[in-house]
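> whatever this is, show me its structure:
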Amino acid sequence: MGETGEKAFRRVGGRLCLDFVNTVGEWAGRSGPARGRDWMDRPEREWLTSYGALLEWAVFVEVLRRPDMRRLGAAAAERPPRASAVLARALKLRQATYRLLRASLEGWKPDVADIAVLDDELRVARLHQRLGGPLPLRLAWDDDHAALDRMLWPVALEAAELLGSTDLDRVGQCPGDNCGWMFLDESRGRRRRWCDMADCGNVAKVRRFRAREAASR
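Take a look at the predicted model:
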């Protein structure tokens, strides 16, 4: 538990960008049988409530180390408007990524505004990539450790890669109550349904058991 709210961050998405999308307690939408374009587009129980919470998440998923967190936290304290702007970008990137994934799941045409948000963050991220050695050469992030937005770079890069790959067909969304988290289904036969069988899956299992017990009585 941290300043993020009701429960700790989780790593159930199978991809960094999906775990980033899952930094809410629930993805919710309009009630009723009609699923509009905005169905499950609204985050409920926000976990990224501050720049500090964003740093906590980045350390949790091992994008940053604890020394990085302390350094960036100190820099954010000196530049609160800049830190607030990075948090706003993070939430905007999360929303756009989620909406693009939802568009894929529902067969909707992606919103050009969502693509533009991801493209802008991708351009920023690529400005910080460097080719280095020894051989074989590999791409790595530059050493601008004071950049307050550095945790967003790998998120944007991976989101763009996922949304442009065949793995996009493996992305699923948990149907559990008060959930809506995204995950990459890497199971044999693509039979994964829940974000976590021990969480939403277990709740559904208990509910089915109780329903059968009630029916038998």
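> pLDDT weak spots in this structure?
Applying pLDDT under 70 to the chain picks out residues 1-8, 30-36, 201-217.
> that one: strands as residue ranges?
Secondary structure of the chain (DSSP state E): strands at 24-28, 42-46, 129-132, 138-141, 171-173, 182-184.
> distance to Pro81 added to those strands, as a markdown table?
Bear in mind the C-beta positions are built from the backbone N, C-alpha and C, glycine included. Output for those, formatted as a markdown table (distance: least, C-beta to C-beta, whole Å):
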| stretch | distance to Pro81 |
| --- | --- |
| strand 24-28 | 25 |
| strand 42-46 | 20 |
| strand 129-132 | 27 |
| strand 138-141 | 24 |
| strand 171-173 | 35 |
| strand 182-184 | 31 |
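> save those as JSON lines, and put in mean neighbour count and distance to Ser84 too.
Output for the strands of the chain, formatted as JSON lines (neighbours: other C-beta atoms under 10 Å; distance: least, C-beta to C-beta, whole Å):
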{"stretch": "strand 24-28", "mean neighbour count": "20", "distance to Ser84": "19"}
{"stretch": "strand 42-46", "mean neighbour count": "15", "distance to Ser84": "15"}
{"stretch": "strand 129-132", "mean neighbour count": "10", "distance to Ser84": "26"}
{"stretch": "strand 138-141", "mean neighbour count": "12", "distance to Ser84": "23"}
{"stretch": "strand 171-173", "mean neighbour count": "21", "distance to Ser84": "30"}
{"stretch": "strand 182-184", "mean neighbour count": "22", "distance to Ser84": "26"}
